[in-house]
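Visitor: Below: sequence and its predicted model.
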Amino acid sequence: MKDTIIRGMAAGNQVRFFSAYTKEVVETARSIHNTSPVATAALGRLLTAGAIMGSMCKNDSDVLTLQIQCSGPIGGLTVTSNAKAQVKGYVNHPEVMLPPNEKGKLDVGKALDLGVLSVIKDIGLKEPYVGQSNLVTGEIAEDLTYYFATSEQIPTSVALGVRMEKDNTVKHAGGFIIQLMPFAEESLISDLETRLKDFSSITTLMDQGMTPLNMMEKLFEGYDLDITDEISPGYHCDCSKERVYKAVMSIGKTDIEEMIADNKPIEVNCHFCNKNYLFDVNELNKMIAQK
């Protein structure tokens, strides 16, 4: 199954939904960052959410960042996405290892523990929009559901999942976001609450071979379903030596002069793709001249 996100409306346009399969996105991140299973699960969930929420953006130039600062051993996570569902992300401590939780599953909640979820939307205004909410469980899906309810006042259900192979590669990854429109009828709201409560986990459905469309057909069985769009998410880092050059230039003349005094090249690492960029003394001198 290839990575995909479908978008659409259901139940007479009373609900909008986004359903995704993101195995390759998450496996690419795992490979780049060499994450432990629990770190892969945490980052994979946030990457999936980032891809879906990025696809909600109205303009191609919009950029969305999901950031979690937490007290747990994982330290925090950052994911950035655009309107094309191109995502990138990293974990502060990719090596963290924890025993399974009481259900025998990867303990993402314990890895994150207490913390704050920030949603930063850069939509071309002078200042980006920043919404924040506390982590409710650390399981990420529940935390995003709480964020939508408290910061954006949109009744939302978020489901996210990552299943690992025995060799610690990614077997499945995906999720969905369902949002009620303001005019949704009470009977529909009550019915959906019951259905979501009894709905199987995302990873169980993916193990059964269900596609994002199959999952929505199952959830909305008996209601009309209208698929409006389908896009292909991907892991994409847009760093370049030119961009890193500008970042090094911005740190201040005194700091650059200290680097030059060491008479050694400096190496700058991109957190998102682990690519290293080398700047020799001549390039550092050029930065001073440009300043």
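Guide: Perfect, thanks for sending it.

Visitor: Output the helix or strand Ile260 falls within as PDB, nothing but the C-alphas.
Guide: Using DSSP states H and E, Ile260 falls within helix 253-262. The C-alpha trace of helix 253-262 is given here as PDB (Å, rounded to 0.1, in the frame of the first residue of the first chain):
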ATOM      1  CA  LYS A 253      30.200  38.600  14.000                       C
ATOM      2  CA  THR A 254      32.100  37.900  17.300                       C
ATOM      3  CA  ASP A 255      31.100  34.200  17.300                       C
ATOM      4  CA  ILE A 256      32.200  33.800  13.700                       C
ATOM      5  CA  GLU A 257      35.500  35.500  14.500                       C
ATOM      6  CA  GLU A 258      36.100  33.000  17.300                       C
ATOM      7  CA  MET A 259      35.500  30.200  14.800                       C
ATOM      8  CA  ILE A 260      38.000  31.700  12.500                       C
ATOM      9  CA  ALA A 261      40.500  32.100  15.300                       C
ATOM     10  CA  ASP A 262      40.400  28.300  15.800                       C
END
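
Visitor: which residues touch that helix?
Guide: For helix 253-262, contacts defined as CB atoms under 8 Å, 6 or more residues apart in numbering pick out Val248, Met249, Ile266, Val281, Leu284, Asn285, Met287, Ile288, Lys291. For the C-beta atoms, the positions are set from N, CA and C on the backbone; glycine is no exception.

Visitor: Can you name the residues bridging to the third one?
Guide: Meaning Ile266. Phe279 (DSSP bridges).

Visitor: Going by residue numbers, what spans are strands in the stretch 51-200 of the chain?
Guide: 63-70, 76-82, 86-91, 115-122, 129-134, 156-164, 170-180 (DSSP state E, counting those that start in this stretch).

Visitor: Sheet-wise, list the partners of the second one with their directions.
Guide: Neighbouring strands of strand 76-82 in its sheet, by DSSP bridges, are strand 63-70 (antiparallel), strand 86-91 (antiparallel).

Visitor: quick one: average pLDDT of the longest one?
Guide: For strand 63-70, the per-residue pLDDT values average out at 97.

Visitor: For it, what is the distance to the chain centroid?
Guide: On the basis of CA atoms, centre = their mean, to the nearest Å, strand 63-70 sits 8 Å off its chain's mean C-alpha point.

Visitor: Give me the angle between that strand and strand 115-122.
Guide: Angle of strand 63-70 versus strand 115-122, following axes from the mean of the first three to the mean of the last three CA atoms, to 10 degrees, is 170 degrees.

Visitor: Any buried residues in the helix holding Ile260, and which?
Guide: By 16 or more other CB atoms under 10 Å, the buried positions in helix 253-262 come out as Ile256, Met259.

Visitor: Can you read off the pLDDT for the residue lying farthest from the centre of the chain?
Guide: Here the centre of the chain is the reference, and by CA atoms, centre = their mean the most remote residue is Ala261, at 40.7 Å. Note for Ala261: predicted pLDDT of 85.

Visitor: before we move on, what about Val281?
Guide: Model confidence at Val281, expressed as pLDDT, equals 86.

Visitor: In this structure it contacts Ile266, no?
Guide: No - counting by CB atoms under 8 Å, Ile266 is not a contact partner of Val281; they are 9.1 Å apart.

Visitor: related to what we said a few turns ago, can you lay out the strands paired with strand 76-82 as CSV showing mean neighbour count and distance to Gly175?
Guide: CSV is the format used below for these (neighbours: other CB atoms under 10 Å; distance: least, CB to CB, whole Å):
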stretch, mean neighbour count, distance to Gly175
strand 63-70, 20, 13
strand 86-91, 25, 13
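
Visitor: got JSON lines for those, with distance to Glu165 too?
Guide: Listed next are those as JSON lines, based on distance: least, CB to CB, whole Å:
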{"stretch": "strand 63-70", "distance to Glu165": "25"}
{"stretch": "strand 86-91", "distance to Glu165": "19"}
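
Visitor: one step back: quick one: closest of the strands of the stretch 51-200 of the chain to Ile52.
Guide: strand 170-180 (5.3 Å; CB to CB).

Visitor: That closest one - contacts with which helices or strands?
Guide: Identification of packing neighbours for strand 170-180 by 3 or more CB pairs under 8 Å, 6 or more residues apart in numbering; DSSP states H and E yields strand 15-21, helix 23-33, helix 37-55, helix 141-151, strand 156-164, helix 186-198, helix 202-207, helix 212-219.
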